[in-house]
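Novice: Okay, sequence plus prediction incoming.
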Amino acid sequence: MIEKEIKIKNTVFKGIELDLCDNSKLLVITGKKGYIMCGYLNINTAQKRNDVACIVTGVKTIEDMLNSKVVALTVKAQSLGINMDMDVNKVLEILAE
């Protein structure tokens, strides 16, 4: 497992890369207000829990996540101004407010 700190606007997020097997990783960036996750995790569960959550796909590292765009999100994430196809760095700026 690899953990990386990501600092945006004086807010520290935690990036986690967890090897699932030889060619697959579970990726998530977490913060106090919400999180961004790879496609292995379920947006419907996040929605049921009323979480601020977004999904990105096609990523293999935390750096890939930071250069990707939102492909799914919860209603609670939308209520903060997060939208489909938004850059992850912009999402983190919103979550840092």
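Specialist: That came through fine.

Novice: Now do stretch 53-61, average pLDDT.
Specialist: Across stretch 53-61, the average pLDDT comes to 96.

Novice: Name the residues of it that are buried.
Specialist: Neighbour counts over stretch 53-61 (16 or more other C-beta atoms under 10 Å) mark 53-56, 59 as buried. Placement of C-beta: from N, CA and C, glycine included.

Novice: show me where pLDDT drops low in the chain?
Specialist: Applying pLDDT under 70 to the chain flags no residue at all.

Novice: Pick the one among the buried residues of stretch 53-61 closest to Glu3.
Specialist: Using C-beta to C-beta, Val59 comes nearest to Glu3 of the buried residues of stretch 53-61, at 16.4 Å.

Novice: Quick check: the gap between the closest residue in space to the closest one that isn't next to it in sequence and Glu3.
Specialist: In this structure, Val59 finds its nearest non-sequential neighbour in Met65, 4.9 Å apart by C-beta to C-beta, 6 or more residues apart in numbering. According to C-beta to C-beta, to the nearest Å, Met65 stands 14 Å off from Glu3.

Novice: do Lys48 as well
Specialist: Counting by C-beta to C-beta - Lys48 and Glu3 are separated by 27 Å.

Novice: hang on, the earlier thing: pick out whichever of Met65 and Glu3 has more residues nearby.
Specialist: Between Met65 and Glu3, counting by other C-beta atoms under 10 Å, Met65 is the more crowded of the two (23 against 10).

Novice: my read is that one is in a strand, agree?
Specialist: No. Per DSSP: H, G, I helix; E, B strand; the rest coil, Met65 lies outside any strand segment and is helix.

Novice: what sits against it?
Specialist: 15, 27, 29, 36, 38, 56, 59, 88 (C-beta atoms under 8 Å, 6 or more residues apart in numbering).

Novice: Same question for Val56.
Specialist: The contact partners of Val56, taken as C-beta under 8 Å, 6+ apart, are 36-39, 65, 68-71, 88.
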